[in-house]
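Q: Mind folding the following:
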Amino acid sequence: MTRWGWLLLVAAFPAYADLEPGRWEITGRSEAQGADAKGFTQTQCLTAADAGDPGRIFGGRGTPCEFVNRRDTGSLITFEIACATQPPVRGSGSVRYARDSLEGDLELNLEGFSTRSHISGRRLGGC
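A: As a prediction, the model looks like this:
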């Protein structure tokens, strides 16, 4: 998964507590200006305990990014992101979720360059 795809998944972590534990399939696609789109699909077992540490699930630990202006309506999370990288990265995104599915988009900008990522996930069943 691309680094920015991980960020989108980590940004969804408040919703994760509402997701049903089990085997999940996450699919994503990232597009950058002037580059071919890159996709990924991963399947993993998510436990109830994972809800407390989304970095453990999605590998987002060590990312120098802060999620600000996060709003959760109970089915939709919107947020802005600021990364302390060189050059600095800024962006915004949203994740729509239910107990057995999620779908989200993220747009990031740095020095005139932008990327767009889209993810979707679905619960496949028990582990």
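Q: wait, Phe79 sits on Gly91?
A: No - Phe79 lies out of contact with Gly91 (C-beta atoms under 8 Å); the separation is 9.2 Å. C-betas here are computed from N, CA, C, even on glycine.
Q: Pro87 versus Pro119, what's the distance?
A: Heads up, residue 119 is Ile, not Pro. Computed as C-beta to C-beta, to the nearest Å, the Ile119 to Pro87 distance reads 24 Å.
Q: what stretches of this protein score poorly on pLDDT?
A: For the chain, the stretches flagged by pLDDT under 70 are 1-18, 49-63.
Q: how about a cut-off of 90?
A: For the chain, the stretches flagged by pLDDT under 90 are 1-22, 24, 26, 28-40, 42, 44-89, 91, 93-108, 110-121, 127.
Q: Neighbouring strands - and their directions - for the longest strand seen in the chain?
A: Counting residues, the longest strand found in the chain (DSSP state E) is strand 113-125. With DSSP bridges as the test, strand 113-125 is paired with strand 22-32 (antiparallel), strand 101-110 (antiparallel).
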